[in-house]
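A.B. asks: Give me a model of this one.
(one chain, ligands or ions: 1)
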Amino acid sequence: MEIANRMKNLGIENAFKVLGEVNKLRLQGRDIISFGLGEPDFDTPQNIKDSAIKAISNNFTHYSPSIGILPLREEIAKYISKTRNIEVDPDEVVVTPGGKPVIYYAFLCLVNEGDEVIYPNPGYPIYESIANFIGAKAVPLPVLEERNFSIDAQYLKKIITPKTKMIVLNSPQNPTGGMIENQDLKEIADLAIKHNLIVLSDEVYSEIVFDGSFSSISSFPGMKERTIILDGMSKTYAMTGWRIGYGIFPKDVAGQIANLVNNTVSCTATFTQMAAIEALNGPQDDVIKMVGRFRDRSKLIVDGLNDIEGIKCLKPRGAFYVFPNVTQACKNLNMADSSEFQQYLLDKGNVAVLPRSSFGIKNEGETEEYIRLSYATGEKEIIEGLKRIKKAIEG
Ligand code: PLP
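C.D. replies: Numbering: from 1, shown residues only. As a prediction, this is how the structure comes out:
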């Protein structure tokens, strides 16, 4: 069949491709340690699973309104109002199958062809992919190692043009584990107001913070009405496979987004929405435990990586990723870039990581090489994986 032209512009989240490759190798009998996919290895808390089972038994198995069921939207509105210190109405909440669709829907609804969208780079690859797909121009905003993997608001100022429509922020960040400083958030907020820009704030890791505290740009004066918040249950409650997330939009936009949900998936699974109410409303002990484990693992992996010749790794501030600088290791092994390095670790070391190229093209003047490791995997695997990487590099 002939594929439509627009498909040429669509990218991919490479982590899923690597997951497929790892599964294939494992089926062939290879013992691979994977630091590839970004999802908690913990089970969904029992109270949430029980509430879904109860919801199915009670026949919450039919369509729901496209925007999401009201009791869940009320819970989400309460949670966001409290954690972001803003007033959110349930009619400003749209429930979606995971947080990811919020990116697609927000771009489709708010960005015209030819508009410019500024996105963090390296960053979650879907922002650039969808911006290109809808015919917008994706403009990279460097996330800098020398700024502890934050962005530079002064640089942002330089890349805003009359065509800029939206800025995408993600803090804590995938793939670096960095966070945007409050002072930078304030400067970005000022710029967004001055240039009448929309901010898509991807806050899916807001509960997974170990260093400092989370701030949302929506909390700054004048920002709530121009910010779209993306959040969900996937990361916080280890619910990646349930597919439940949400966006917070101005009320008139929320109606349009619900219409996009209506035209695509009709609604999010109803019993999943019931379980999400329990997630937000029920005990949070499991979340606290999980974040504690991520904190401990972050120390384990950072120390282990820094003990390997040619690797330099900063401490992440949140999420469950590290983004070590492997420039010297690549040089020592005579490798052109981190893609070659990643392939080498898989072939020689039986360890799966993701290369820099999975998170966007290099920024202008970027000469360093990086890989991403997700440490949402057991401590034993982390220790073994580090041992393998060290051996593959140092011999
Ligand atoms: N945003 C970021 C930055 C992510 O890393 C991810 C998942 O990896 C998502 C959004 C999507 O999350 P969900 O599984 O809820 O669609």
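A.B. asks: Get me the contact residues on the stretch 101-250 of the chain for the ligand.
C.D. replies: Residues of the stretch 101-250 of the chain lying close to the ligand (CB under 6 Å from any ligand atom) are 124, 170, 174, 202, 204, 232, 234, 240, 245. Any C-beta I mention is one placed from the backbone N, CA and C, and that applies to glycine too.
A.B. asks: Indicate the residue of the stretch 51-200 of the chain located nearest to the ligand.
C.D. replies: G98 (2.9 Å; CB to the nearest ligand atom).
A.B. asks: Wasn't that residue part of a strand?
C.D. replies: No - with DSSP: H, G, I helix; E, B strand; the rest coil as the criterion, G98 is coil rather than part of a strand.
A.B. asks: about what we covered before: can you tell me which of the residues of the stretch 101-250 of the chain next to the ligand end up in strands?
C.D. replies: Among those, the residues falling in strands (DSSP state E) are 170, 202, 232, 245.
A.B. asks: rewinding a little: the residue of the stretch 51-200 of the chain closest to the ligand against K235, yeah?
C.D. replies: No - G98 is not in contact with K235 according to CB atoms under 8 Å; the separation is 10.5 Å.
A.B. asks: Who has more neighbours out of the two?
C.D. replies: K235 (25 against 20; other CB atoms under 10 Å).
A.B. asks: List the contacts of the residue of the stretch 201-350 of the chain found nearest the ligand.
C.D. replies: Closest residue of the stretch 201-350 of the chain to the ligand, CB to the nearest ligand atom: S234 (3.4 Å). Shown in contact with S234 (CB atoms under 8 Å, 6 or more residues apart in numbering): 39, 98-99, 204, 240, 242, 244-245.
A.B. asks: element containing the nearest residue to P45 once chain neighbours are set aside, please.
C.D. replies: Distances taken as CB to CB, 6 or more residues apart in numbering place D286 nearest to P45, at 4.0 Å, with adjacent residues excluded. For D286, the element it lies in under DSSP states H and E is helix 285-306.
A.B. asks: for that helix, which positions count as buried?
C.D. replies: With burial defined by 16 or more other CB atoms under 10 Å, the residues of helix 285-306 counted as buried are 286-287, 290-291, 293-295, 297-298, 301-302, 304-305.
A.B. asks: Tell me which residue is most central in this protein.
C.D. replies: Nearest residue to the geometric centre of the chain (CA atoms, centre = their mean): N174, 5.0 Å.
A.B. asks: shouldn't it be in contact with Y321?
C.D. replies: Yes - with contact defined as CB under 8 Å, N174 counts as touching Y321 (5.9 Å).
A.B. asks: Touching both of those two, which residues are there?
C.D. replies: Joint contacts of N174 and Y321 (CB under 8 Å, 6+ apart) are G38.
A.B. asks: check contacts around the residue of the stretch 51-200 of the chain closest to the ligand.
C.D. replies: Contacts were defined as CB under 8 Å, 6+ apart; by that measure G98 touches 232, 234, 240, 243-245.
A.B. asks: N59 versus that one, what's the distance?
C.D. replies: Distance, G98 to N59, by CB to CB, to the nearest Å: 24 Å.
A.B. asks: go on, G385?
C.D. replies: 45 Å.
A.B. asks: more neighbours, these two?
C.D. replies: G385 (25 against 9).
A.B. asks: what's the nearest residue to the more buried one if we skip its chain neighbours?
C.D. replies: Closest to G385 by CB to CB, 6+ apart is I33, at 4.0 Å.
A.B. asks: which stretches of the protein aren't confidently modelled?
C.D. replies: Judged by pLDDT under 70, the chain has no weakly predicted residues.
A.B. asks: residues contacting P65?
C.D. replies: By CB under 8 Å, 6+ apart, the contact list for P65 reads 258, 267.
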